[in-house]
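> Got a sequence here, can you build the structure:
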Amino acid sequence: QVQLVESGGGLVQAGDSLRLSCAASGRTVTGYSMGWFRQGPGKEREFVAGISWGSDRTGYIDSVKGRFTISRDNAKNTVYLQMNSLKPEDTAVYYCAVLGVPGGGIAYDPGLYQYWGQGTQVTVSS
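Numbering: from 1, shown residues only. The predicted structure follows:
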């Protein structure tokens, strides 16, 4: 089992920045890609960003490209999501997740992720 704990969410104004963190514990996540997803009110959960184990590959949805940056520190078993120039449409609960198979690239389908955190709320006011 892998336990994931997200932190860093909050209430901010449009244009502000936040940095989300996701700390993994329990079974090792060595070799596994990880991702950030979000679910807004009345919406389905959507992929936001993903990163491979070695950080050599990253992927983003179009709406956050140039504003969000995913990174990871494998020594700390932690993945981050730096969010700049936040917009009201970024308001959602943000989740981190671990891909279900090792050595994978960037997966956009939430069904391919095996472990999930409890989520952290991000609210952006206009």
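
> Pop out the phi and psi values for Asp90.
phi -80, psi -10 (degrees, to the nearest 10).

> Would you map the strands across the protein?
Applying DSSP state E to the chain gives strands spanning 2-7, 10-13, 18-26, 34-39, 46-51, 58-60, 68-73, 78-83, 92-99, 113-116, 120-125.

> would you turn those strands into a markdown table with distance to Gly105 and mean neighbour count?
Every C-beta, even on glycine, is put in place using the N, C-alpha and C of the backbone. Formatted as a markdown table, the strands of the chain follow (distance: least, CB to CB, whole Å; neighbours: other CB atoms under 10 Å):
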| stretch | distance to Gly105 | mean neighbour count |
| --- | --- | --- |
| strand 2-7 | 19 | 17 |
| strand 10-13 | 31 | 13 |
| strand 18-26 | 19 | 18 |
| strand 34-39 | 11 | 23 |
| strand 46-51 | 8 | 22 |
| strand 58-60 | 8 | 17 |
| strand 68-73 | 14 | 18 |
| strand 78-83 | 15 | 22 |
| strand 92-99 | 9 | 23 |
| strand 113-116 | 13 | 18 |
| strand 120-125 | 25 | 17 |
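
> Quick one: closest of the ones you listed to Ala107.
strand 92-99 (5.6 Å; CB to CB).

> how far away is the residue nearest to the spatial centre of the chain from Val64?
What sits nearest the mean C-alpha location of the chain, by CA atoms, centre = their mean, is Trp36, with 2.0 Å. Using CB to CB, to the nearest Å, Trp36 is found at 9 Å from Val64.

> Fine by me, we can end here.
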